[in-house]
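**Q** Here is a sequence with its predicted model. Questions after.
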Amino acid sequence: MEIHIQPLNNSYSDQLIDLILTIQQKEFNVPITIEDQPDLKKIESFYMEPGGNFWGAFINGELVGSIALVKFDERAGAIRKMFVKKEFRGKELNIAQKLLEVLISFCQENGIDSVYLGTVSILKAAMRFYERNHFSQVEKENLPARFPLMSADNIFYYLNVNQTV
């Protein structure tokens with residue numbers, strides 16, 4: 001199976017909403033709706049115009065994974081919307097790893113040194129994934145003032161992208 005990763009624009013909103021809401025609601029029972037995530041309907045203005053981006057992983061034309069970067073400061077960004085369809089997870093395809101590497105390369109090319117993210121403590125596999133990728137846990141009160149908090153998140157991570165190489 002060949003994995004194709006590309007930036008996404010607003011024309012992919014419906015596919016993204018389908019991918020993300022299915023994982024959030026059906027798989028992890030996170031009480032979140034599309035109304036809670038209006039950014040998914042305005043990818044270009046929310047992610048790209050401020051200097052971030054949104055990528056999708058495709059296999060045979062099907063969107064199977066996503067990752068996004070919100071640039072919230074001159075040299076800092078927040079990882080958002082990191083999802084991979086259940087049947088495409090794991091080391092065989094390594095989709096999450098490939099998506100993260102695309103995002104880190106984008107940061108390095110665009111002068112973004114610091115990357116933060118929030119997740120939910122029930123997502124143990126996600127936490128292990130970030131820790132394997134050299135992210136350090138950071139207390140909520142130590143996050144940058146402009147970090148875009150999501151109400152559901154209760155675990156936070158930080159990465160200096162220049163130390164990952």
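**A** Everything's here; your move.
**Q** just checking, what's the longest helix in the chain?
**A** helix 95-109 (DSSP state H).
**Q** in that one, what counts as buried?
**A** Across helix 95-109, burial judged by 16 or more other Cβ atoms under 10 Å covers I95, A96, K98, L99, L100, V102, L103, I104, F106, C107. Backbone N, C-alpha and C define where each C-beta goes, glycine included.
**Q** and the next element down the chain from the helix or strand G118 falls within?
**A** G118 is part of strand 114-119 when elements are defined by DSSP states H and E. Later in the chain than strand 114-119, the nearest helix or strand by DSSP H and E is helix 124-132.
**Q** all strands of the chain, in order?
**A** 3-7, 53-59, 62-73, 76-84, 114-119, 136-138, 155-160 (DSSP state E).
**Q** could you give me the average pLDDT of the third one?
**A** Right, strand 62-73. Taken as a whole, strand 62-73 has a mean pLDDT of 98.
**Q** In terms of secondary structure, what does it contact?
**A** With contacts taken as 3 or more Cβ pairs under 8 Å, 6 or more residues apart in numbering; DSSP states H and E, strand 62-73 sits against helix 13-21, strand 53-59, strand 76-84, helix 95-109.
**Q** let's go with 10 Å and repeat that
**A** strand 3-7, helix 13-21, strand 53-59, strand 76-84, helix 95-109, strand 114-119 (3 or more Cβ pairs under 10 Å, 6 or more residues apart in numbering; DSSP states H and E).
**Q** Point out the most buried one among these.
**A** strand 76-84 (a mean of 23; mean count of other Cβ atoms under 10 Å).
**Q** Partner strands of that one, with direction?
**A** strand 62-73 (antiparallel), strand 114-119 (parallel) (DSSP bridges).
**Q** That one relative to strand 53-59, how many degrees between them?
**A** 20 degrees (axes from the mean of the first three to the mean of the last three Cα atoms, to 10 degrees).
**Q** thinking again about what came up before, orientation of the longest helix of the chain relative to strand 53-59 in degrees?
**A** 150 degrees.
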